[in-house]
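S.K.: I need the structure of the sequence given here:
(4 chains)
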Protein chains: 2
Amino acid sequence: MNSQNTKVYLGIVEEIRQLITNSGLLPGDKIPSERTLSEQLQVGRSSVREALRALELLGLIETRRGEGTFLRDFKNHDLIRLLGMFILQEPEVKKDIFQTKVMLERDMLILICKQPDRHQLSKILREMASRNDLGPGEFFERLLETSGNRLMFRMWQIIRDYSKEAEVNRYFGAEELKGLIEAAMSGNSNMAISIHHLHYHQSESGG
Amino acid sequence: MNSQNTKVYLGIVEEIRQLITNSGLLPGDKIPSERTLSEQLQVGRSSVREALRALELLGLIETRRGEGTFLRDFKNHDLIRLLGMFILQEPEVKKDIFQTKVMLERDMLILICKQPDRHQLSKILREMASRNDLGPGEFFERLLETSGNRLMFRMWQIIRDYSKEAEVNRYFGAEELKGLIEAAMSGNSNMAISIHHLHYHQSESGG
DNA sequence: TAAGCTTGCGTGGTCTGACCACCAAACATC
DNA sequence: GATGTTTGGTGGTCAGACCACGCAAGCTTA
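M.R.: Below is the predicted model:
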């Protein structure tokens, strides 16, 4: 009845998406209440909720009881954990994920080496020496972030989160990182690639 | 009230996950009806629906009115497409899209060259010679598909779709394609990379 | 018997109204 | 001014109702 095949809740998802785009809503902003949406869109509240729950599970919105529903900074994708639980069972997929992650890293390292911007790197280097309170992989992530390609970086983050679920990550050690940054600062992509390659291809010797 | 903070619908998502795992359900199999789940789990049907709608939007299940809810084949990484819809909107990333696309292509070409499986390639080659009814880029896509990494391939497809809108695509010509396939068949990744690189880096000379 | 039709049941799809739990701001009290 | 209380808005959940659809059993008809 309600316009062909479109399930109502899917329509609402789309409406909300447009609302976000058109109203220029930013992460943290509040979106209309369930009851308001229900009225404005002339649909039942349950349908609105189905749409919101779906978006919530995707990590695109966040709901706080007693307060409202808010747009989320979807740089922090939580859905990954959930999807991982469902998807990662398949060994074949696991292989793809790992392989893709490694290649993305390699690509970004190449980009970094080609970039003239050095002072971000030296900053990381300094912090590496001074601070010990950051988790493993933290510095590597920040290194990759300097690639300047946010899309690729996001993709990497997502995939890394997947692979967190799937297997034990072998983090880059301090020496490796120093080597990578050094290579980057001198624009030596071959050296960077080589270090990166070694990290993944040496058998279970070095942690 | 209902056991700490866990929203009911999230609990149901988890229940369904376990149900799938424990019962060994396969793609295509039917999962219990909404009303049945509602009864078994002692929750309202609306809550069950919220969980199911969320899973549906994630592409993990499929519902058919009048029939039931079915487990879906989620090897197809549909989430990426959805995430893309939301993430790729930012104009800031537009400039990253092209770069990422090129690097993904390069990565997949490398993978292809390292693969021992040759007969898919020769099949493409034969078809290239015989058929003229396929659109530009069609053969290149099929070439990339043989990389064996479905995740990466999907990512590329999506990014390509976006860059279609953003700019004019320069498709690989027949000669280039033949060169790429040749390189792949002989496992010569350097040659493949070189052809690929030239395609994108020669100035506006060749159409 | 074979083909076509009807009917009933189970399913998802949607809406409504009713509660509850929670939060924040307005208000009343000290 | 500081404190406690009320109140209205919000999400969270449930139960019940009805619709639309698909399917198969059973009936009708040829």
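S.K.: how about A:Leu37, nearest residue that isn't a chain neighbour?
M.R.: For A:Leu37, ignoring the flanking residues on the chain, the nearest one in space by CB to CB, 6 or more residues apart in numbering or on different chains is A:Val48 at 4.8 Å. Bear in mind the C-beta positions are built from the backbone N, C-alpha and C, glycine included.
S.K.: what comes up buried for the helix or strand hosting the one you found?
M.R.: Using DSSP states H and E, A:Val48 sits within helix A:45-57. Within helix A:45-57, the residues that count as buried by 16 or more other CB atoms under 10 Å in any protein chain shown are A:46-57.
S.K.: please enumerate the helices of chain A.
M.R.: Taking DSSP state H as the criterion, chain A contains helices spanning A:8-23, A:34-40, A:45-57, A:79-87, A:91-114, A:119-130, A:138-145, A:150-166, A:174-185, A:189-201.
S.K.: same question for the fifth one: list its buried residues.
M.R.: Of the residues in helix A:91-114, A:93-94, A:96-113 count as buried by neighbour count, 16+ other CB under 10 Å.
S.K.: cool, the first one as well?
M.R.: The neighbour-count check on helix A:8-23 (16+ other CB under 10 Å) flags A:8-13, A:15-17, A:19-20 as buried.
S.K.: next, the angle helix A:45-57 makes with that helix.
M.R.: 60 degrees (axes from the mean of the first three to the mean of the last three CA atoms, to 10 degrees).
S.K.: distance from helix A:8-23 to the middle of the chain?
M.R.: Helix A:8-23 has its C-alpha centroid displaced from the chain centroid by 23 Å (CA atoms, centre = their mean, to the nearest Å).
S.K.: then the last one?
M.R.: Distance of helix A:189-201 from the chain centroid (CA atoms, centre = their mean) equals 23 Å.
S.K.: can you check the shortest one too?
M.R.: For helix A:34-40, the distance from its own C-alpha centre to the chain's C-alpha centre is 31 Å (CA atoms, centre = their mean).
S.K.: distance check, A:Ser47 against DNA strand D.
M.R.: Distance, A:Ser47 to DNA strand D, using CB to the nearest atom of the strand, to the nearest Å: 11 Å.
S.K.: list the contacts of that residue.
M.R.: Contact analysis of A:Ser47 by CB atoms under 8 Å, 6 or more residues apart in numbering or on different chains lists A:8-9, A:12, A:38.
S.K.: apply 7 Å and report the result again.
M.R.: By CB atoms under 7 Å, 6 or more residues apart in numbering or on different chains, A:Ser47 lies in contact with A:8-9, A:12.
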